[in-house]
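Colleague: Here's my sequence, what's the structure:
(one chain, ligands or ions: 2)
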Amino acid sequence: MAATGSLGDYPHYRPRRNRQTEWSRRLVRENHLTVDDLIWPIFVQPGKATRTPIGSLPGVDRVTIDLAVEEAQRAAELGIPVIALFPATPSELKTPQCQEAINPDNLVCQTVRAIKEQALNLGILCDVALDPYSSHGQDGLVKDGYVVNDETIEMLCQQSIVQAQAGCDIIAPSDMMDGRIGAIRKALDHDGYQHVQIMSYAAKYASAFYGPFRDAVGSSGSLGTGDKKTYQMDPANTDEALREVALDLKEGADMIMVKPGMPYLDIVQRVKETFRQPTYVYQVSGEYAMLHAAAGNGWLDLDKTMLESLTAFKRAGADGILTYFAPKAAEILNNG
Ligand SMILES: NCc1[nH]cc(CCC(=O)O)c1CC(=O)O
Ligand SMILES: [Mg+2]
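Modeller: Ligands and ions are numbered 1, 2, ... in the order given. Below you'll find the predicted structure:
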């Protein structure tokens, strides 16, 4: 009844009638993608005035701080609300104890400060996890081959504090340690950062779609044949995602994220329907690479598949999307 309304059956009711014209399709459209939905991930590297292409992420470069400032200005001009910063730490600074993560002058903190000086109408999100700083490529500290939870959390709290000190607006823990949202909230509040938001990577899966990202931050080599299955979620699970989200909301997450995106739209929908909280989705590096590769072969239309995939996230219930397509999508959306 609800689905067909009171219109009756064919030939009286013809769903195609509303699809006849462009204006009518607009009139009955249920979901809209706008620039306000976009979060743009940016990779930062040391040095000056240098862009370095990332082989497995065509069209995405690692940029030095001066160029990251320009990208931030471009984001603000395009009307993108938030950028997400990811550091490509030089390998000589990567250690088993990940001390560089809590260096107040590390690459990501320097970048946040440089962008904040511009006083743009733009939020800055910083990932919290140890993998950009670890010589083993894991998101946490490793003891006897196991990524240890509680010792890692202490590092994550300090990492959050140095990022908040630098001016980061949104702390985004992507590490999947248990209890880290509550601990980070407490640490931020204790140090006077009550206003700093937390977007939790709450339902983050142990996915094979992160490959190009690990190339971009240089963690794939160090991770080697290792995996993250003892802390990231099993791709076979869905009820578990609801439990993870419930915990993070209870611990103080302001926003929650599902990751990856396209193969996990069912999770996005369940999370949104269950909690009705600000829900984000990460269209990860492998998803971006996959569309690019097909388009590069002339098999898919890049702009159309990009916009369709982003709209699908909205349809599933996402309030926003982290996507490497953000600047390209924003340009298209701004030009009508
Ligand atoms: N904890 C780090 C982190 N933050 C975001 C991504 C992946 C993003 C992407 O693939 O685009 C990862 C990689 C991982 O968990 O191994
Ligand atoms: Mg959790």
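
Colleague: Briefly note if the helix or strand harbouring residue 185 comes near ligand 1.
Modeller: Secondary structure from DSSP states H and E places residue 185 in helix 180-190. No. Residues of helix 180-190 are not located near ligand 1 by C-beta under 6 Å from any ligand atom, the shortest gap being 12.1 Å. From N, CA and C alone the C-beta is placed, and that goes for glycine too.

Colleague: So what touches that helix?
Modeller: Contacting residues not belonging to helix 180-190 are listed as 128, 152-153, 156-158, 160-161, 164, 171, 173, 194, 196, 198, 200, 247-248, 250-253 [C-beta atoms under 8 Å, 6 or more residues apart in numbering].

Colleague: what comes up buried for it?
Modeller: By neighbour count with 16 or more other C-beta atoms under 10 Å, helix 180-190 contains the buried residues 180-185, 187-188.

Colleague: just to revisit the earlier point, name only those of the contacts of helix 180-190 that count as buried.
Modeller: Judged by 16+ other C-beta under 10 Å, buried ones among the contacts of helix 180-190: 128, 152-153, 156-158, 160-161, 164, 171, 173, 196, 198, 200, 247-248, 251-253.

Colleague: if we can go back for a sec, pLDDT for the buried residues of helix 180-190 - can I get that in CSV?
Modeller: What follows is the buried residues of helix 180-190, written out as CSV (pLDDT from 0 to 100):
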residue, pLDDT
180, 98
181, 99
182, 98
183, 98
184, 99
185, 98
187, 98
188, 98
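
Colleague: Tell me how far residue 190 lies from residue 267.
Modeller: Residue 190 sits 33 Å away from residue 267, going by C-beta to C-beta, to the nearest Å.

Colleague: What segments of the stretch 151-300 of the chain are strands?
Modeller: Secondary structure of the stretch 151-300 of the chain (DSSP state E, counting those that start in this stretch): strands at 170-173, 197-204, 255-259, 279-283.

Colleague: Identify the residues contacting the shortest one?
Modeller: Where contact means C-beta under 8 Å, 6+ apart, the residues beyond strand 170-173 that reach it are 82, 84, 123-129, 156, 160, 163-164, 180-181, 184, 188, 196-201, 255, 257.

Colleague: partners of that strand in the sheet?
Modeller: strand 123-128 (parallel), strand 197-204 (parallel) (DSSP bridges).

Colleague: Quick one: work out the angle between the longest one and strand 279-283.
Modeller: Right, the one you point to is strand 197-204. Angle of strand 197-204 versus strand 279-283, following axes from the mean of the first three to the mean of the last three C-alpha atoms, to 10 degrees, is 60 degrees.

Colleague: what does the first one give?
Modeller: With the same axes, to 10 degrees as the basis, strand 123-128 and strand 279-283 are set at 70 degrees to each other.
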